[in-house]
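# Got a predicted model here, sequence first, then my questions.
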Amino acid sequence: MDTKLTIKFDDDVITRAKRYAKHRKKSLSRMIESYLDSVTKPNSKKK
């Protein structure tokens, strides 16, 4: 189930992130979800 979340970022970061996501044919939401999933998994490697 998807849940809506509102977060705030700097305008320049959002612009660059949207461009990055579009170039990779992925939504910004899915890109952020994938990142958060990878860093919060119990066995994820932390730097």
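Sure, I can see it.
# can you count the residues close to Asn43?
4 (other Cβ atoms under 10 Å). (Glycine included, C-beta is placed from N, CA and C.)
# what does Arg19 give?
Each residue near Arg19 was counted by other Cβ under 10 Å, and the total is 11.
# any idea which element it lies in?
Counting by DSSP states H and E, the element that carries Arg19 is helix 11-23.
# what comes up buried for that helix?
For helix 11-23, the neighbour count (16 or more other Cβ atoms under 10 Å) marks Ala21 as buried.
# which residues are in contact with that helix?
The contact list for helix 11-23, computed with Cβ atoms under 8 Å, 6 or more residues apart in numbering, reads Phe9, Ser27, Leu28, Arg30, Met31.
# From the centre of the protein, point out the most distant residue.
In terms of distance from the mean C-alpha position of the chain, Asn43 ranks first, at 19.5 Å (Cα atoms, centre = their mean).
# Next secondary structure after the helix holding Arg19?
Next in sequence after helix 11-23, counting helices and strands by DSSP H and E, comes helix 28-40.
# Could you measure from Thr3 over to Leu28?
Taken as Cβ to Cβ, to the nearest Å, the spacing of Thr3 relative to Leu28 amounts to 16 Å.
# So between these two, which is more surrounded?
Residue environment comparison for Thr3 versus Leu28 gives the larger neighbour count to Leu28, 14 against 4, counting by other Cβ under 10 Å.
# measure the closest residue to that one other than its chain neighbours to Met1 for me?
If you skip the residues right next to it in sequence, Leu28 has Ala21 as its closest partner in space, 4.5 Å away by Cβ to Cβ, 6 or more residues apart in numbering. Computed as Cβ to Cβ, the Ala21 to Met1 distance reads 22 Å.
# repeat for Glu33
13 Å.
# Which pLDDT value goes with the residue nearest to Leu28?
At Ala21, the predicted lDDT confidence score is 96.
# again with Asp12
Spelled out, the predicted local distance difference test score at Asp12 is 98.
# if we can go back for a sec, pull the CA atoms of the helix holding Arg19 into PDB?
Taking only C-alpha atoms (Å, rounded to 0.1, in the frame of the first residue of the first chain), the coordinates of helix 11-23 have been written out as PDB:
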ATOM      1  CA  ASP A  11      14.200  24.100  -5.000                       C
ATOM      2  CA  ASP A  12      17.500  23.500  -6.700                       C
ATOM      3  CA  VAL A  13      17.700  20.000  -5.300                       C
ATOM      4  CA  ILE A  14      14.200  19.200  -6.500                       C
ATOM      5  CA  THR A  15      14.900  20.500 -10.000                       C
ATOM      6  CA  ARG A  16      18.100  18.400 -10.300                       C
ATOM      7  CA  ALA A  17      16.400  15.300  -8.800                       C
ATOM      8  CA  LYS A  18      13.500  15.600 -11.200                       C
ATOM      9  CA  ARG A  19      15.900  15.900 -14.200                       C
ATOM     10  CA  TYR A  20      17.900  12.900 -12.900                       C
ATOM     11  CA  ALA A  21      14.700  10.800 -12.500                       C
ATOM     12  CA  LYS A  22      13.300  11.700 -15.900                       C
ATOM     13  CA  HIS A  23      16.600  10.800 -17.600                       C
END
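# Before I go, just wanted to say thanks for your time.
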